[in-house]
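**Student:** curious how this folds, go ahead:
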Amino acid sequence: MTESDETPRIEIVRGTPTDVELAALIAVVSDAYATETADAVAEEPHISVWERTQRGLQGPLRRDIPWGRFSG
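**Tutor:** Residues are numbered from 1 along each chain as shown. Now for the predicted structure:
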C-alpha cells in the first residue's frame with residue numbers, strides 16, 4: 001500500500017464549512033480513530049493442555065492405492 005491509501009480521506013459533498021468547522025471535524029475524527037486503534041486488541045486463542053497433546057485427525061483413506069499394495 002502506498003501512503004495515500006493508508007490515510008483516511010474526508011470529502012465535503014454539501015455546504016461550505018469554515019476553517020474552524022473543518023478543524024473541529026478533523027480533531028474529533030482523529031481522536032476517535034486514535035482511541036479505536038488503541039483499544040483494538042486481537043483475542044488470543046485459548047488452547048488447553050488437552051488440545052496441545054491431542055493427536056490430529058487422520059486423513060481420509062486413499063482408495064486409489066490397492067489394499068496391502070500387493071496387486072499384480
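
**Student:** what score does Val28 have for pLDDT?
**Tutor:** Note on Val28: pLDDT of 93.

**Student:** that one and Glu51, how far apart?
**Tutor:** Distance from Val28 to Glu51, counting by C-beta to C-beta, to the nearest Å: 45 Å. The C-beta positions use only the backbone N, C-alpha and C, and glycine is treated the same way.

**Student:** Arg62 now?
**Tutor:** 27 Å.

**Student:** do the same with Trp67
**Tutor:** From Trp67 to Glu51 the distance is 34 Å (C-beta to C-beta).

**Student:** for Ala34, same thing?
**Tutor:** For Ala34, the distance to Glu51 (C-beta to C-beta) stands at 37 Å.

**Student:** likewise Thr18?
**Tutor:** Between Thr18 and Glu51 the distance is 59 Å, computed by C-beta to C-beta.

**Student:** now swap in Asp39 and tell me
**Tutor:** Between Asp39 and Glu51 the computed distance is 29 Å (C-beta to C-beta).
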